Every structure is written in structure tokens, then in C-alpha cells.
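Chemist: got a predicted structure here, sequence first:
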Amino acid sequence: PAEGNVGSVTFRELVEVGDEAPSFVVLSNFMIDTNWLFDVWPELVGLPRVVMFVHEEQQEPLPSCFEVHQMAPGRLFGARRGWNPFAYGSHHSKFIMIGNSTHLRLVITTSNFIERDVNAKTQGVWYRDFPMRESPSCDFENVLADYVDSLLVHAPSAKSGSWGQGFRGSLSDALRRYDF
């Protein structure tokens, strides 16, 4: 029923960040259906940099701007041995970071980035836009940067490169440009 969707936002509304195109996007999730994602967010394929942290291996070819880092436990704990030391468990953080020269949008959600989860299930989402830095760092920024650094252990290409506006460095350094 319509009354069950009062106050809800669409996936498209979450990723629209204004007139300026993003300099970078970071997607992190257990499951990402890139075909569906390109349908609802076609601008994604033309961005300068898209970094994905995902559990599942991506089967379809992706645009050259995409950096995919598979976070399955077998990959993280010795793919050469082919075993997972845990009965259950995987990289399961579900977030989107969209950065440009004026702000960073951080979206934290319970949804996989697949059509049936986004459109047919009840999900939770928190999002906020953070402007460029004007004040000293805070605990939230430090925890977020530390978490991103832990992801970068398994994602060497995200430890450097361009994050827009001439800024080069790691993803966690790029995040520190914003005022949390």
C-alpha cells in the first residue's frame, strides 16, 4: 500500500547529488547487479572513477573506469589454499560514497544493489551530504577513514590515483577533504 512508502526515497534519489557530476563513486555491497545499476544510474558508466568492493565475482564486462575488488573470504584468506576459515561470513558493508568538488554523499543501507532488494523489499537507509572541510576532523571521520584503510589492504589500486579536482592519494585521504 502507498501509505507504507510515506517518507521513502528511491535509489535514483539517493544517487542524484546535484548538477555537478561526481569525481568518484565507491560502491560496497554483498551483491551488486551492474546491469540493473546501469539502468537506474546510467551516468555511472561515464564517471572518471568507480571503485567497487563486492563479495560476488562480477561476470559481465565493466567499463574501464571501474575497479572491482572482490571481498569474498576465500579471496581474503588465501585463495591459493582455496579454503575459508569461517563457516559463514563475508564482506557485507553496504554503502555508497559519491564525491565531487562541493560535497560527499554517504549512503548507508541494508539493501543489496539488486533490483528485487531495492524495489520489492523493505530496507533501511541513512544518507547525508558532507561539505568540503572547514573544521577539524571528528571521531566519525577518523573511524570512517580507518575502516576504508582496512578495505584498502585488499584493494591496492584504491590506495592511490585521482579522486577529482586534481587530488591524488588514497581513498581515505580523499575522504579527509570533506567536513564530517
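Modeler: Sure, I can see it.
Chemist: which residues touch the closest residue to Arg176 other than its chain neighbours?
Modeler: Take Arg176 and drop its neighbours on the chain: the residue closest to it by CB to CB, 6 or more residues apart in numbering is Ala145, 6.1 Å away. In short, each C-beta sits where N, CA and C put it, glycine included. Residues near Ala145 by CB atoms under 8 Å, 6 or more residues apart in numbering: Ser172, Leu175, Arg176.
Chemist: which helix in this protein has the most residues?
Modeler: helix 139-152 (DSSP state H).
Chemist: and it, how far out from the chain's middle?
Modeler: The chain centroid and the centroid of helix 139-152 are separated by 13 Å under CA atoms, centre = their mean, to the nearest Å.
Chemist: now that helix: buried residues?
Modeler: Glu141, Leu144, Ala145, Val148, Leu151, Leu152 (16 or more other CB atoms under 10 Å).
Chemist: hang on, isn't Val148 packed against Gly169?
Modeler: No. If you go by CB atoms under 8 Å, Val148 and Gly169 don't touch, sitting 12.0 Å apart.
Chemist: in this protein, which spans are helices?
Modeler: 11-15, 34-40, 73-76, 115-120, 139-152, 171-175.
Chemist: which strands and helices sit next to the second one?
Modeler: What that stands for is helix 34-40. helix 11-15 (3 or more CB pairs under 8 Å, 6 or more residues apart in numbering; DSSP states H and E).
Chemist: what helices or strands is the helix it packs on leaning on?
Modeler: Right, helix 11-15 is packed against helix 34-40, strand 95-99, strand 103-109 by 3+ CB pairs under 8 Å, 6+ apart.
Chemist: among the ones you listed, which is nearest Val25?
Modeler: Counting by CB to CB, Val25 lies closest to strand 95-99 out of those; the figure is 5.3 Å.
Chemist: and the angle for the longest helix of the chain with strand 103-109?
Modeler: Put simply, helix 139-152 runs at 70 degrees to strand 103-109, going by axes from the mean of the first three to the mean of the last three CA atoms, to 10 degrees.
Chemist: dump helix 139-152 to CSV, restricted to CA.
Modeler: Taking Å, rounded to 0.1, in the frame of the first residue of the first chain, the C-alpha atoms of helix 139-152 are listed here in CSV:
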residue,chain,number,x,y,z
ASP,A,139,35.5,10.9,15.5
PHE,A,140,33.2,9.9,12.7
GLU,A,141,35.7,10.9,10.1
ASN,A,142,38.5,9.1,11.8
VAL,A,143,36.5,5.8,12.2
LEU,A,144,35.4,6.1,8.6
ALA,A,145,38.9,6.6,7.3
ASP,A,146,40.2,3.8,9.5
TYR,A,147,37.5,1.5,8.1
VAL,A,148,38.3,2.5,4.5
ASP,A,149,42.0,1.9,5.2
SER,A,150,41.1,-1.7,6.3
LEU,A,151,39.4,-2.2,2.9
LEU,A,152,42.4,-0.8,1.1
